[in-house]
Every structure is written in structure tokens, then in C-alpha cells.
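A.B. asks: structure for this input, please:
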Amino acid sequence: MSLVADTIERMFSLDNAEWVPESLDTMEPGHELACVLSAINVGDCTGHDRIRVLKAHERMRSFHSAQLYQAMNAVIDAVDTDDMAGDLAEEAASAEVAAALKWTRRTADSEMGFALDLRRRLPDVWMALWSGKIDLRRAKVMVRATSHLPTASAQNIVDSIIDRADRFTTGQLNAKLRKLCIETEPDDAARRYEAAVAERRVTAQPDEAGTAHLFAMDLPPHRLAAGMNRINRLAQSLRRPGETRTMDQLRADVLLDVLEGTGVATAGGRGTTIIHTTLESLAGLANHPGELAGYGPVATDIARQVAERQQGGTWSWVIEDPETGLPLATGTTRRRPTAQQRRDVEARNPTCTHPGCRMPAAESDLDHRIPWAHQRRTHSDNLAPLCRYHHRIKHEAGWNYKAVGGGDYVFTTPLGHNYTTSGRSP
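C.D. replies: Reported below is the predicted structural model:
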């Protein structure tokens, strides 16, 4: 009997429990794991084991991705000859790959460039992909986020985070890398920021559906964050009984009102935005990046500007311990501060605490971890920010979580898996 036929027979004839071994979670990707997975009928697994099988397949996909990029580099070696000057070998290899895989030239060039980066600049990323420690999406985030740095700096940054990269979503990982890049090369970060802001622009583009798109590029992030916060607040103020528009539609209509100077655009004052920074940075003794709620890391100078004076709106600030990231003090630029409990909660957890969510706490609900009906009182230690979506998931889909100290929480899913999250920037 052939190997394929034997595998198919196992999938349908054996007790499935025998083919979900306890060691599945720690098996390295390769031939053995592939054989085990081929004999598992995931539809017969328990809900808990289906997640384990899913994660094992993802490790295998990472392994095959690493092999693919290894093969692409091998194509370069195969076409490279002594009489090829400059980047001709890479171009020739890209043409071979495009023809073989039916890729466009642009796709082939992009993928070949990524393969070369894994080989020449960041081999540790390729090894982590090969071992299944990270997936392809995280590998591309690490390569692209450090592409502007000298190779040595990029390697140092990757070395400092690669063992923890699988703990973050790609959005969290990208934010963490941006922060590390600013810390590692602050002068370069300042130059790149100034050059990009100098190219800020707004363009309009018609769409085939008869509508139009508005694009604003390379804007100062702190001004954009304040503007978006105001749009959100004005849109929320329109959610009255009888209102049929969705929040997305309300935001779009508010933006048009702002541009035209009509409607709600003339009411409600300005937006509120929260920025996290360190005391050393404010004093000019260090260059730790700031953290703009809902946006991510920003250059130290922006954090100082926001803390020093009101930037055309209401700003709240949080001074953090640079070692632990925990809040040391909070404040606000507006005369009447927000409720102290909400400020304490937002300082401790500036984003939604659900695993992977980066919605600002200021735009989230405050959830009573222990239901209010059980205690008949409200205190900040029992409150945690959950965005409206994850607040609903928690109550309606059976998620649970508990505080474990230091602003950290452990979430338990309905299928029995645990995830530790802090609601703080990675």
C-alpha cells in the first residue's frame, strides 16, 4: 500500500484520540509533525484539541515558507555567473521565479527582495520561521520595520525581540519594533519624521462605484490623533434614539461637516488624546519614545511638546516607569479632569485588555471584572477597559479573565485556552 493510501486509511479507521498526542504542542515542524497531522481528522477532535491542531498546522506553514525562500535564494545561486554585473543575478532569478510561479514581475521582485533580506540581513528571522517559532506575517513585519536601519542595528533589534515575537499580534509587534527603532537610532527617527511630514498632502480619488476617496498622508500623528478623537466624539454624540446611521457612516458625515464647516463640526470643542512618556524623557535626560494612545510609538520630541502645552485640544498624560512601563503619575491639560477612577484605569491599561486588541481605553467600556451585582460597589481595581466588541464577546460568548498583578490579566477562552495580556503597549 502506498504512503498516501496508508495515511488516508489511518485518518478514517483509527481512534482519533490516538492521533492527538500530548507532545503535539511542542513538536517541531518537519516530516514527523506532517505525518501526525495527516492522520488527524480535525472534525472528530474536541474543541480544545482543534486549537492545538490549528497551531500545529501554522508551524508547518511557517516551515514550508522558510523552505520556499531558501529555494528562491538557491535560484539566485544557480543563475549567478562570474560575468553577471551588479544586481543582474537577482533580476534573472526573479524572472525565473515569476515565470515558474505565474507571478507578476512586481510580486516576484518583492518576494525575491524579502528572500534576500532573510539571507543577508536577518538570518535569525529565517531560522525562527524555519523552526515554526514565528509565522510569515511576523517575519515580514520584522524585516520591513527595520529595513531603514543599518544591518547591525537591525540585527540587534531583532535579537532583542525575536524570542518574544510570537506573543504579539502583527500590529503589536510592529509598534514594538517602531519603538525600538526610535530608541536605537533617535537621530535617524527624527530626520525621517521631519522629511515625511514635509511631504504631507491630501488627495481625492474617484471610485468606480461613483463615490470618492479622501487620502491624507504623512500627517503629524499627535494632531491626527486629536482630530480623530474629536470626530469619534462628535459621531457618538449623534447616536440618539431614531438614528439609523452606523458609526462608520456617522464618522464619515462628521468629517464632511468639518470640511464644510457645517452641522456638528461647529459644536463640542476639541478632542481629547492620551500620551504616555517617562519622567527622564520629559526632563531631557533620555530619549524614550512616547506612546500615543490608539496610534503607537512617537518620537520623544512629540511627547515633550504634548506634555508641555495644550496642542489644540485636551490632552491627558501618563508618566511611566521606564523599566516596568507601569504608571507613576497622571495628569490632564484641561481644567476639569476626567473621573479619577477612569483616569486610574486608563493609566494602568491604556488599551483594551482583550488579547491582541489595541483599541484605546479612552474609547472602550470599563468592565466590572467581578459583576457589580456581586459587590454593590465600584472601585478601580475591579475595572478593566474592554472595547465594545470584546465587552460583548466577554458577556455573550463565555470568555473569562482575572487580574494577576502589575496590570496583567489572564483570559480564558470558551475552549479552555489561556492567554496573558496587559492592555499595555508591548
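A.B. asks: any idea how far the spatially most central residue of the chain lies from T46?
C.D. replies: By Cα atoms, centre = their mean, the chain has its centre lying nearest to G171, at 1.1 Å. Distance check for G171 against T46: by Cβ to Cβ, to the nearest Å, it reads 31 Å. Glycine gets a C-beta too; all of them are placed from N, C-alpha and C.
A.B. asks: just N418 next, same as before
C.D. replies: Distance of N418 to T46, computed by Cβ to Cβ: 16 Å.
A.B. asks: cool, and D80?
C.D. replies: To T46, D80 is 51 Å away according to Cβ to Cβ.
A.B. asks: can you map out the strands along the stretch 101-250 of the chain?
C.D. replies: 201-206, 212-217 (DSSP state E, counting those that start in this stretch).
A.B. asks: quick one: closest of those to E32.
C.D. replies: Closest to E32 of those, according to Cβ to Cβ: strand 212-217, at 48.9 Å.
A.B. asks: off-centre distance for the lengthiest helix in the chain?
C.D. replies: Ranked by residue count and defined by DSSP state H, the top helix of the chain is helix 47-79. Mean-position distance between helix 47-79 and its chain equals 22 Å (Cα atoms, centre = their mean, to the nearest Å).
A.B. asks: what helices or strands is that helix leaning on?
C.D. replies: Applying 3 or more Cβ pairs under 8 Å, 6 or more residues apart in numbering; DSSP states H and E, one finds that helix 47-79 contacts helix 31-38, helix 88-101, helix 105-116, helix 123-130, helix 136-145.
A.B. asks: wait, which of those helices is closest to V298?
C.D. replies: Closest to V298 of those, according to Cβ to Cβ: helix 136-145, at 15.2 Å.
A.B. asks: that closest one: which residues count as buried?
C.D. replies: Across helix 136-145, burial judged by 16 or more other Cβ atoms under 10 Å covers 136, 138-143, 145.
A.B. asks: what's the mean pLDDT across it?
C.D. replies: Averaged over helix 136-145, pLDDT sits at 97.
A.B. asks: quick check: F168 touching K176?
C.D. replies: Yes. With contacts counted by Cβ atoms under 8 Å, F168 reaches K176, the gap being 6.4 Å.
A.B. asks: neighbours of D159, how many?
C.D. replies: Neighbour count of D159, defined by other Cβ atoms under 10 Å: 11.
A.B. asks: who's in contact with it?
C.D. replies: When contacts are counted by Cβ atoms under 8 Å, 6 or more residues apart in numbering, D159 touches D124.
A.B. asks: I'd like to know how far it sits from E194.
C.D. replies: Separation of D159 from E194 (Cβ to Cβ): 29 Å.
A.B. asks: domain parsing for this protein?
C.D. replies: What automatic domain parsing lists as the domains of the chain is 3-160, 272-421.
A.B. asks: what's the end-to-end length of stretch 120-140?
C.D. replies: One end of stretch 120-140 sits 15 Å from the other (Cα to Cα, to the nearest Å).
A.B. asks: whoops, I mixed them up, stretch 77-96
C.D. replies: 12 Å.
A.B. asks: could I get the average pLDDT for it?
C.D. replies: Stretch 77-96 carries an average pLDDT of 83.
A.B. asks: okay, buried residues for that stretch please.
C.D. replies: Using 16+ other Cβ under 10 Å as the test for burial, stretch 77-96 gives 79, 89-96.
A.B. asks: and for E396, the neighbour number?
C.D. replies: Number of residues near E396 (other Cβ under 10 Å) recorded here: 8.
A.B. asks: and the nearest residue to G416 once chain neighbours are set aside, how far from V410?
C.D. replies: Nearest non-adjacent residue to G416, counting by Cβ to Cβ, 6 or more residues apart in numbering: H48, 4.7 Å away. Distance, H48 to V410, by Cβ to Cβ: 17 Å.
A.B. asks: same check on A252?
C.D. replies: The spacing between A252 and V410, counted by Cβ to Cβ, is 38 Å.
A.B. asks: what of G171?
C.D. replies: Separation of G171 from V410 (Cβ to Cβ) stands at 21 Å.
A.B. asks: and for A361?
C.D. replies: 19 Å.
A.B. asks: can you check N174 too?
C.D. replies: Distance from N174 to V410, by Cβ to Cβ: 25 Å.
A.B. asks: which one's more surrounded, those two?
C.D. replies: Neighbour count, other Cβ under 10 Å: between N174 and V410, N174 has more, with 19 against 14.
A.B. asks: who's in contact with the more buried one?
C.D. replies: The contact partners of N174, by Cβ under 8 Å, 6+ apart, come to 141, 145, 296.
A.B. asks: and if we set it to 6 Å?
C.D. replies: Listed by Cβ atoms under 6 Å, 6 or more residues apart in numbering, the contact partners of N174 are 141, 145.
A.B. asks: confidence score at it?
C.D. replies: At N174, the model reports a pLDDT of 93.
A.B. asks: how near is it to I162?
C.D. replies: Distance of N174 to I162, computed by Cβ to Cβ: 14 Å.
A.B. asks: low-confidence ranges in the stretch 51-200 of the chain?
C.D. replies: 82-86 (pLDDT under 70).
A.B. asks: can you redo the domains of the chain as a markdown table with distance to D218?
C.D. replies: Converted to a markdown table, the domains of the chain look like this (distance: least, Cβ to Cβ, whole Å):
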| stretch | distance to D218 |
| --- | --- |
| domain 3-160 | 15 |
| domain 272-421 | 14 |
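A.B. asks: for those domains, which one sits closest to L214?
C.D. replies: Across those, closest to L214 is domain 272-421 (Cβ to Cβ), at 19.2 Å.
A.B. asks: picking that back up, pLDDT value on the nearest residue to the residue nearest to the centre of the chain once chain neighbours are set aside, please?
C.D. replies: Of all residues not flanking G171 in the chain, R358 sits nearest, at 5.8 Å (Cβ to Cβ, 6+ apart). You'll see R358 listed with a pLDDT of 83.
A.B. asks: so that it lines up with my notes, have the first residue be 9 from now on.
C.D. replies: Taking 9 as the first residue, the last one we looked at is R366.
A.B. asks: wait, R366 sits on C360?
C.D. replies: No. Between R366 and C360 there is no contact under Cβ atoms under 6 Å: 7.3 Å.
A.B. asks: the more surrounded of those two?
C.D. replies: Comparing R366 with C360 by neighbour count (other Cβ under 10 Å), the higher total belongs to C360, at 26 against 20.
A.B. asks: tell me the secondary structure at H284.
C.D. replies: In three-state terms, and counting by DSSP: H, G, I helix; E, B strand; the rest coil, H284 is strand.
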